[in-house]
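Trainee: Mind looking at a prediction? Sequence and model below.
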Amino acid sequence: MEDDALVKSPREKRNFFMLTCALFLAYAFFGFSDSTRGPALPRIQDDLDLSELQLGLLMAVNSIGYLVATSFTARLAKRIGIKTCMIIALFVQACSGVLICFSPNFELLIPSFFVLNIGNGMLDISTGVIAASTFTKRTGTMLNLAHFFYGAGSILSPIVSTSLMAARFGEQLFGWRYMYLIILSFALVPAILAFIGRLKKRDYDKNKTGYAVILRKPTLWLTVIVLALGATAEMGIIGWLPNFLERTFSFSGDRAALYLTLFFVCITLTRLVTGPLIDKIGFINSLAIATAFAGIMVVLGILLGEPGTVLLVLAGIGIAPVFPTVMAVIAKLFADEIDLAMTAILTTMGVIMIPANFVIGWIINWTREIFTASHGDAGVGMAFQAGYLFVGICCFGSSLFALILRARQKKLRRIV
């Protein structure tokens, strides 16, 4: 890693070590906080008496907050610095824990989650730019390692969040409100480390092109679609897998949370061990193969019913490389304008994910009436299966557009 950072003096080494720790811990916190949503959603739904359509709306609002943040973070970073943006993002997430905890109803919970995802979007851009610009060698390996920490946080999150929601302080049940307050307060740890470390200004802060130029590149739009569909599938599983298992197969909350944890185990271990393989066979080839595998696992898992639940977990193997590998693609194809490219890609991805997140809830809500009319109570589970099938469709779509991107880059002789 020292070769990547081009550090020489002991002081520079200490700074690099501190910032690397802050970066990896930020990814771990991101995964930890993002994955609390799955176990929390059924409790939020029951506590506030929400429909699946309202849950879909809540997740869509999450994407809007993410979208807003990604649209301005690069511009803000040019004024105050990318490291400062990362620190602000973490403080915003810590503050959102207070807002979520004390939101008395659904109407106020929506803006609270919006604030949380403002922090998420800022954190995604800032950590992504810092990591992709720092790890210029063994890019696939190092970015998958960075996202390994995201997965490590995600593994712990379902178990810890479920335990916190069931914990009591005297007669007071923590529930989902205090669970969010406690977990989101951990954002302060990487924020403090980032504050202590010092980051030199880098060339990526000086954009050589503008948005008008970069948005005319077909390669960028193909990359957007690959990432958007892959990320929609990942967020769909994170947000809906526990609810799917509880409503379809009557799993307990603890058991459903365990399966989500196993899903993140697959993601984390895959990112830990496949980085060198991805560097060897190519980033775009890896994306096409991995997302196709994930789609097959999701569809087979749904068709097999409860025995196929393990396949839904194994879909994490195919979903794992998507985000870090796309970041590696951006670092290689848009090296001279990485902050602009990352902002354009993640912002556009957010636009696509808004209706995509809403669609899952809409499919479930719409098919519930149809299936319950013909199959009674069993129709509820069938409706959730129909909604979850959308995740598999997104995986196959991501694989298809990865192949199209590969064909274009092969024609341009720029396969990465």
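Mentor: That came through fine.
Trainee: Go through stretch 228-238 and flag the buried ones.
Mentor: Burial within stretch 228-238, assessed by neighbour count using 16 or more other CB atoms under 10 Å, is assigned to 228-238. In this view, the C-beta of every residue, glycine as well, is placed from N, C-alpha and C.
Trainee: separation between the residue located most distally from the centre of the chain and W366?
Mentor: Distance from the C-alpha centroid of the chain, by CA atoms, centre = their mean, peaks at S374 (36.8 Å). Distance check for S374 against W366: by CB to CB, to the nearest Å, it reads 14 Å.
Trainee: for E337, same thing?
Mentor: E337 sits 42 Å away from W366, going by CB to CB.
Trainee: so who does M59 touch?
Mentor: By CB atoms under 8 Å, 6 or more residues apart in numbering, the contact list for M59 reads 37, 235, 239, 357-358, 360-361.
Trainee: among these, who's most crowded?
Mentor: Neighbour tally across the contacts of M59 (other CB atoms under 10 Å): the maximum, 28 neighbours, falls on I360.
Trainee: quick one: contacts for it?
Mentor: Taking CB under 8 Å, 6+ apart, one finds 56, 59, 236, 239-240, 387-388, 390-391 in contact with I360.
Trainee: show me where the stretch 101-250 of the chain has helices.
Mentor: 106-134, 139-166, 175-184, 188-196, 211-214, 218-249 (DSSP state H, counting those that start in this stretch).
Trainee: of all those helices, which lies closest to L346?
Mentor: Proximity to L346 (CB to CB) singles out helix 106-134 among the helices of the stretch 101-250 of the chain, at 6.2 Å.
Trainee: Determine how far that closest one lies from the middle of the whole chain.
Mentor: What separates the centre of helix 106-134 from the centre of its chain is 10 Å, taken as CA atoms, centre = their mean, to the nearest Å.
Trainee: Not counting its neighbours along the chain, what's nearest D254?
Mentor: T162 (6.0 Å; CB to CB, 6 or more residues apart in numbering).
Trainee: Burial check on that neighbour, number of neighbours?
Mentor: For T162, the count of nearby residues is 25 (other CB under 10 Å).
Trainee: How about the contacts made by it?
Mentor: T162 is in contact with 39, 253-254, 257, counting by CB under 8 Å, 6+ apart.
Trainee: Do a quick rundown of the strands in the chain.
Mentor: Taking DSSP state E, the strands of the chain run over residues 168-169, 172-173.
Trainee: Tell me which of those strands is the most buried.
Mentor: Comparing the strands of the chain by mean neighbour count (mean count of other CB atoms under 10 Å), strand 172-173 ranks first with a mean of 10.
Trainee: how far away is the residue lying closest to G236 once chain neighbours are set aside from M235?
Mentor: Here the nearest residue to G236 in space, its sequence neighbours aside, is V391; by CB to CB, 6+ apart that works out to 4.3 Å. Per CB to CB, V391 is found 9 Å from M235.
Trainee: got it, and A94?
Mentor: According to CB to CB, A94 and M235 sit 22 Å apart.
Trainee: what bits of the stretch 1-150 of the chain have low per-residue confidence?
Mentor: Along the stretch 1-150 of the chain, segments meeting pLDDT under 70 span 1-8, 12, 16, 133-139.
Trainee: Try it again at 50.
Mentor: Residues of the stretch 1-150 of the chain meeting the criterion pLDDT under 50: 1-7.
Trainee: show me what contacts F390?
Mentor: Contacts of F390 by CB under 8 Å, 6+ apart are 236, 356, 359-360, 363.
Trainee: Would you mind giving those as TSV with distance to A26 and pLDDT added?
Mentor: Output for these, formatted as TSV (distance: CB to CB, whole Å; pLDDT from 0 to 100):
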residue	distance to A26	pLDDT
G236	24	84
A356	26	73
V359	30	84
I360	28	82
I363	34	88
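Trainee: Go through the residues you listed and name the one nearest L143.
Mentor: Using CB to CB, the contacts of F390 come closest to L143 at G236, 22.6 Å.
Trainee: surely the closest one meets C394?
Mentor: Yes - with contact defined as CB atoms under 8 Å, G236 counts as touching C394 (6.9 Å).
Trainee: what touches both of these two?
Mentor: Residues touching both G236 and C394 (CB under 8 Å, 6+ apart): A356.
Trainee: what residues are up against the residue lying closest to G65 once chain neighbours are set aside?
Mentor: Spatial nearest neighbour of G65, chain neighbours left out: N117 (3.1 Å); criterion: CB to CB, 6+ apart. Contact partners of N117, counting by CB under 8 Å, 6+ apart, are 61-66, 69.
Trainee: State the distance from N117 to S154.
Mentor: Counting by CB to CB, the separation of N117 from S154 is 17 Å.
Trainee: What of I345?
Mentor: From I345 across to S154, the span is 22 Å (CB to CB).
Trainee: One more: L23?
Mentor: Distance from L23 to S154, counting by CB to CB: 17 Å.
Trainee: Which one's more surrounded, these two?
Mentor: Higher neighbour count among L23 and S154: S154, with 27 against 24, using other CB under 10 Å.
Trainee: Can you list the buried residues in the helix ranked longest in the chain?
Mentor: In terms of residue count, the longest helix belonging to the chain (DSSP state H) is helix 338-375. Neighbour counts over helix 338-375 (16+ other CB under 10 Å) mark 338-354, 356-365, 367-368, 371 as buried.
Trainee: repeat for stretch 258-277
Mentor: Neighbour-count burial for stretch 258-277, counted by 16+ other CB under 10 Å, picks out 258-272, 274-275.
Trainee: what's the answer for stretch 47-60, then?
Mentor: For stretch 47-60, burial by neighbour count (16+ other CB under 10 Å) applies to 48, 50, 52, 54-60.
Trainee: Please produce TSV containing those, extended by distance to I87.
Mentor: As requested, these are exported to TSV (distance: CB to CB, whole Å):
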residue	distance to I87
L48	33
L50	34
E52	37
Q54	34
L55	32
G56	33
L57	31
L58	27
M59	27
A60	28
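Trainee: If we only consider those residues, which is nearest to A131?
Mentor: M59 (26.1 Å).
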